[in-house]
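# Quick one: sequence and predicted model below, then my questions.
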Protein chains: 2
Amino acid sequence: MEILRHAILDQGRVIGNDILKVDSFLNHQLDVSLLNTIGRAFYAHFGQLKIDKILTAEVSGIAIAAIAAQYFNVPVVFAKKTLSKNLDPDTWEGSVYSYTKGQTYQIRVARRYLKADEKVLVLDDFLANGEAIKGMKEIIDLAGAKMVGAGVVIEKSFQPGAEKLRELDVDVHALIRVVSLEHGQINL
Amino acid sequence: MEILRHAILDQGRVIGNDILKVDSFLNHQLDVSLLNTIGRAFYAHFGQLKIDKILTAEVSGIAIAAIAAQYFNVPVVFAKKTLSKNLDPDTWEGSVYSYTKGQTYQIRVARRYLKADEKVLVLDDFLANGEAIKGMKEIIDLAGAKMVGAGVVIEKSFQPGAEKLRELDVDVHALIRVVSLEHGQINL
């Protein structure tokens, strides 16, 4: 993932000691060629698992999952953060604790879009505390489907998410690890 | 767009007289093969304009824009609905009136991702009252960029959005028009 590495080092911006902004290519402006490289990398790692579906969460996971799904040739479902008329009342729910906001919110998937025994790959942009992926795992478990793994573009390995997920028996694969962001410095 | 037409007629669900749910393929679960067909159709219509960027708004426009951008070979920027640490304080803002909620909200793009004189194509899933696209046009105008057109997957032609946008000199292109949704019936 040399291209991703360069994009992070050249364009990433550090806020405080723990926020890495990659909004020039990953979650505000999207570099679609880089997203394809990312999608191919996820396929190289998870492609042999014969998944039925990719699950992600709005907002930042959507473009990553949609582009990656082209390689897996499966549908994407994205978990929603807000209730709306466009969401079925009949949903599976997972809890996500937000450390920045100090509160728990629910993410939801309409039950009709996750079926028992489906093999589901979870994709997301960042892995920090693992809360979003844990919430998606709750949804997959409730549906009786099988979570075959979690692919993240960037893991902040100085935060405990990957370890927490491995304790839940999740096969986590990060395309790149950020070791620290101290003193405004990105250490990969 | 026979494939899109069939997807809407076979899978679309009508709520009341004006909501068309297409969450099985367009805005909750995503049929990525159909999104590619949609992307190619937008490119067939707008490809000769040599655009610099695609602008959309979270959430439902993101996957559509990301897949379509592969044909145009340009970056996507998606306007954000919520302030967060990941968004620059220095933004262009547009107003969107929500008829369902009866209130106006702001959508925002970091100024660094829209430059003066860039040729910008706006893409979105639905065109109903035209508010989201009008808000994106405000952002493009504030940036001094040029909006070359607006592509929407589904226009609800019984609502006034397309007309309102044409009054603002926006070249609107809908891949399919829904003429009415009365009595639970989808009329294309």
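Received the coordinates, thanks.
# what does stretch A:15-26 rub up against?
A:7-8, A:11-14, A:29, A:31, A:34, A:60, A:64, A:125, A:128, A:153-154, A:156, A:158-159, A:178, A:181-183, A:186, B:85-88, B:110, B:112-113 (Cβ atoms under 8 Å, 6 or more residues apart in numbering or on different chains). (C-beta placed from N, C-alpha, C; glycine too.)
# For A:L83, give me the backbone phi and psi.
phi -80, psi 140 (degrees, to the nearest 10).
# Stretch A:70-77 - what's its average pLDDT?
On average, the pLDDT along stretch A:70-77 is 98.
# quick one: the helices in chain A?
Remark: helices assigned in chain A by DSSP state H are A:2-11, A:32-46, A:61-72, A:131-143, A:161-167.
# Might you report the residue contacts of the residue nearest to A:T100 when sequence neighbours are not counted?
Nearest residue to A:T100, sequence neighbours excluded (Cβ to Cβ, 6 or more residues apart in numbering or on different chains): B:K85, at 6.6 Å. Residues in contact with B:K85 (Cβ under 8 Å, 6+ apart) are A:I15, A:I19, A:T100.
# got the residues of chain A near chain B?
Counting by Cβ under 8 Å from any Cβ of the partner chain, chain A comes close to chain B at A:15, A:19, A:21, A:23-24, A:27-33, A:35-36, A:58-59, A:62-63, A:65-67, A:69-70, A:73-78, A:80, A:85-88, A:100, A:109-110, A:112-113.
# and with 7 Å instead?
A:15, A:19, A:21, A:23, A:27-32, A:35, A:58-59, A:62-63, A:66-67, A:69-70, A:75-78, A:80, A:85-87, A:100, A:110, A:113 (Cβ under 7 Å from any Cβ of the partner chain).
# follow-up on the earlier one: export the helices of chain A to a markdown table and tack on mean neighbour count?
A markdown table is the format used below for these (neighbours: other Cβ atoms under 10 Å in any protein chain shown):
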| stretch | mean neighbour count |
| --- | --- |
| helix A:2-11 | 14 |
| helix A:32-46 | 19 |
| helix A:61-72 | 26 |
| helix A:131-143 | 22 |
| helix A:161-167 | 17 |
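# Kindly reformat these as CSV containing distance to B:V120.
Formatted as CSV, those follow (distance: least, Cβ to Cβ, whole Å):
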stretch, distance to B:V120
helix A:2-11, 21
helix A:32-46, 15
helix A:61-72, 18
helix A:131-143, 31
helix A:161-167, 36
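# Which positions within stretch A:91-111 qualify as buried?
Buried positions in stretch A:91-111, judged by neighbour count with 16 or more other Cβ atoms under 10 Å in any protein chain shown: A:T91, A:W92, A:G94, A:V96, A:Q106, A:I107, A:R108, A:V109, A:A110.
# I'd like to know which of those residues is nearest to chain B.
A:A110 (6.1 Å; Cβ to the nearest Cβ).
# I'd say the closest one and A:L87 touch.
Yes: between A:A110 and A:L87 there is a contact under Cβ atoms under 7 Å: 6.3 Å.
# list residues touching both of those two?
Common neighbours of A:A110 and A:L87 are listed as B:H28 (criterion: Cβ atoms under 7 Å, 6 or more residues apart in numbering or on different chains).
# low-scoring stretches of chain A, by residue?
Within chain A, not a single segment meets pLDDT under 70.
# quick one: contacts for A:Y113?
Per Cβ under 7 Å, 6+ apart, neighbours of A:Y113: A:V77, B:H28, B:Q29.
# looking at it, A:K81 is touching A:K101, isn't it?
No: the pair A:K81 / A:K101 is not scored as a contact, 11.9 Å apart, by Cβ under 7 Å.
# For the residue most central in space within chain A, list each beta-bridge partner.
Against the mean C-alpha coordinate of chain A, by Cα atoms, centre = their mean, the closest residue is A:D124 at 1.3 Å. As for beta bridges, A:D124 partners with A:V152 under DSSP bridges.
# Against A:E138, how distant is A:E167?
15 Å (Cβ to Cβ, to the nearest Å).
# again but with A:T104, I slipped
Applying Cβ to Cβ to A:T104 and A:E138 gives a distance of 12 Å.
# okay, and the common contacts of these two?
In contact with both A:T104 and A:E138: A:S95, using Cβ under 7 Å, 6+ apart.
# that older thread, which of the contacts of stretch A:15-26 count as buried?
Buried among the contacts of stretch A:15-26 (16+ other Cβ under 10 Å): A:7-8, A:12, A:14, A:29, A:31, A:34, A:60, A:64, A:125, A:128, A:153-154, A:156, A:159, A:178, A:181, A:186, B:86-87, B:110, B:113.
# What is the neighbour count of A:N129?
18 (other Cβ atoms under 10 Å in any protein chain shown).
# residue contacts, it?
Per Cβ under 7 Å, 6+ apart, neighbours of A:N129: A:Y99, A:Q159, A:P160, A:G161.
# Next: A:G184.
So A:G184 contacts A:V14 (Cβ under 7 Å, 6+ apart).
# Distance of it relative to chain B?
15 Å (Cβ to the nearest Cβ, to the nearest Å).
# How about A:M136?
Distance from A:M136 to chain B, by Cβ to the nearest Cβ: 14 Å.
# Kindly report the same for A:H6.
Counting by Cβ to the nearest Cβ - A:H6 and chain B are separated by 16 Å.
# Repeat that for A:E167.
Distance from A:E167 to chain B, by Cβ to the nearest Cβ: 28 Å.
# For that residue, give me its contacts.
Contacts of A:E167 (Cβ under 7 Å, 6+ apart): none.
# Check the one 10 residues further on too.
With contacts defined as Cβ under 7 Å, 6+ apart, the neighbours of A:R177 are A:E155, A:S157, A:L188.
# Same check on A:D31?
A:D31 neighbours (Cβ under 7 Å, 6+ apart): A:F25, B:P75.
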